[in-house]
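Colleague: whatever this is, show me its structure:
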Amino acid sequence: MPTNLIEIDENLLKSMKSLSLLCVEDDSATREVYHELFSEFFDNIILAEDGEDGYQKYITNDIDLIITDYDMPNLNGLGMTRKIKAINKDVPVILITAIIDTDVIIEALELNVNNFIQKPIKLNKVIDTIESVGKLILANKYFKEQEYKKLKKQEAKEEYNNYQEDLAFAKELNVLRNDFYYQLVNSHCNALVDFSYQPLDILSGDAYSTRKIDDEQTFYLIVDGMGKGLSASLTSMLMTSFINYNIDTQLKTDNFDFHKLVDESLNYIKPILLDEESLSIDYIILNCKNSTMQYAKFAMPVALMQTKEDEIIRVKSNNPPISKYIESFQISSFDISNIFKFLFYSDGMVENPTRFDDKLYMDYVEEDFLDSFTKENMREKLNWKITKAEDDITFIFINKLDLETTIVFEKNFATTLEDVDNASDWYGD
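Modeller: As a prediction, the model looks like this:
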């Protein structure tokens, strides 16, 4: 058929050439006519001789458009369309028919046939129909391509963000220092030092450290950034990192000064804090030789201690929250000669809701502490009672043990959240 008879936009025609057409017609002569006619629009034309053949050709080829006769042996055009639509409901179908029957039209509409060409076919009608459906196909392809590009771009961005989050969390775990990973310590004092760190997000507002100062003193730190998000996490990590650096520096000189540690860390963080920002911190030193606990608690929850008579001692904060305006601080001392268990924790632990009548975990923490021998016991009770964690949960659990000999169990773990859990599993075994 002469090209000059086809009055269609050249850009559209060029784009349509890339589409593949399935043409289904049972009459061989008519198929040849269709092939000559449709080759003006499509480079890739697949011919089929009836509905069943058309269905098989569809499932074995990548088809963009179907033009089919209605009345054919084996399987008519609508029967084939029904089977194909069950696979791909969006594939466009043009039905060619000489039958004007209401039932056929209704069935075709139910199958979302895009258009009809009535026999005998007219060239202008064919051009208009193919142009209309071709525009629809190309528009859908364009939108799918754009959506795919957008999706791949989003996936790449999410993959990069996940990678950055993994790096940030690895660095966060490197900042946290624990000299007593599931150990019974030390040469003068036997105590099981245990911790639980359950951040709500990758970037946590909580941080902690447990450090061995010497054979007689151990240092415990819990930092709680007031607020959520990156700012609180960054402040907590900066403070924890500086405190550990300060400890390392002091230990190199064998002249550890608790007051100096607190004072220099406050002077470090004050210029960094925003006007409305504050920090809650536990600085705690346990000295097993003289049985004392020195502490500077800045707006932290009460520390719990259990006596040998199974009484609970509550040690309240002796300082306000740390802000850029804080001028002074107090260090207090407590006799721990009659204490055998300690629990230091952030407020996220006790402010989480429980499964009991809208009560918070603060109503149960003392009872669970009394009934727990290890951190694992404590965490099991905590996790069972809390319905859904709404804040970071960090606590340090210490059990002084009356042992005749020193026993030390030690195992190293990588700085990943999974290995933190593996460490917990190892200890539980």
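Colleague: isn't S280 right up against N319?
Modeller: No. In this structure, S280 is not within contact of N319 by CB atoms under 8 Å, at 9.7 Å. All C-beta spots, glycine's among them, are computed from the backbone N, C-alpha and C.
Colleague: between these two, what contacts are shared?
Modeller: 298-299 (CB atoms under 8 Å, 6 or more residues apart in numbering).
Colleague: pLDDT score assigned to the nearest residue to K17 once chain neighbours are set aside?
Modeller: Nearest in space to K17, with sequence neighbours left out and distances taken as CB to CB, 6 or more residues apart in numbering, is D43 at 5.0 Å. pLDDT recorded at D43 is 90.
Colleague: so which strand or helix has S204?
Modeller: Assigned by DSSP states H and E, S204 belongs to neither a helix nor a strand.
Colleague: the residue lying closest to it once chain neighbours are set aside: neighbour count?
Modeller: Residue nearest to S204 in three dimensions, not counting chain neighbours: D392, with 4.9 Å by CB to CB, 6+ apart. Neighbour count for D392, taken as other CB atoms under 10 Å: 25.
Colleague: and the lengthiest helix in the chain, how far out from the chain middle?
Modeller: The longest helix of the chain (DSSP state H) is helix 123-175. Relative to the centre of its chain, helix 123-175 is centred 21 Å away, using CA atoms, centre = their mean, to the nearest Å.
Colleague: what about the helices in the protein?
Modeller: For the chain, the helices defined by DSSP H occupy 10-16, 28-38, 51-59, 77-87, 102-110, 123-175, 230-252, 258-269, 347-350, 365-370, 375-385, 417-428.
Colleague: give the buried residues for the fourth one.
Modeller: Judged by neighbour count using 16 or more other CB atoms under 10 Å, the buried positions of helix 77-87 are 77-85.
Colleague: quick check: mean pLDDT of it?
Modeller: Helix 77-87 comes out at a mean pLDDT of 94.
Colleague: so it versus helix 102-110, what angle?
Modeller: Interaxial angle of helix 77-87 relative to helix 102-110 (axes from the mean of the first three to the mean of the last three CA atoms, to 10 degrees): 20 degrees.
Colleague: name the residues that touch helix 77-87?
Modeller: 24, 51-52, 54-55, 58-59, 66, 68-71, 75, 91, 93, 95-97, 104, 107-108, 111-113.
Colleague: hmm, which of the residues you listed are the buried ones?
Modeller: For those, a neighbour count by 16+ other CB under 10 Å gives the buried set as 24, 51-52, 54-55, 58, 66, 68-70, 75, 91, 93, 95-97, 104, 107-108, 111, 113.
Colleague: in JSON lines, list the helices of the chain along with distance to I336.
Modeller: Output for the helices of the chain, formatted as JSON lines (distance: least, CB to CB, whole Å):
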{"stretch": "helix 10-16", "distance to I336": "82"}
{"stretch": "helix 28-38", "distance to I336": "92"}
{"stretch": "helix 51-59", "distance to I336": "78"}
{"stretch": "helix 77-87", "distance to I336": "74"}
{"stretch": "helix 102-110", "distance to I336": "82"}
{"stretch": "helix 123-175", "distance to I336": "28"}
{"stretch": "helix 230-252", "distance to I336": "21"}
{"stretch": "helix 258-269", "distance to I336": "15"}
{"stretch": "helix 347-350", "distance to I336": "22"}
{"stretch": "helix 365-370", "distance to I336": "16"}
{"stretch": "helix 375-385", "distance to I336": "19"}
{"stretch": "helix 417-428", "distance to I336": "24"}
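Colleague: most packed of those helices?
Modeller: helix 347-350 (a mean of 22; mean count of other CB atoms under 10 Å).
Colleague: what is that helix packed up against?
Modeller: Packing partners of helix 347-350 (3 or more CB pairs under 8 Å, 6 or more residues apart in numbering; DSSP states H and E): strand 393-400.
Colleague: that'll do, ta.
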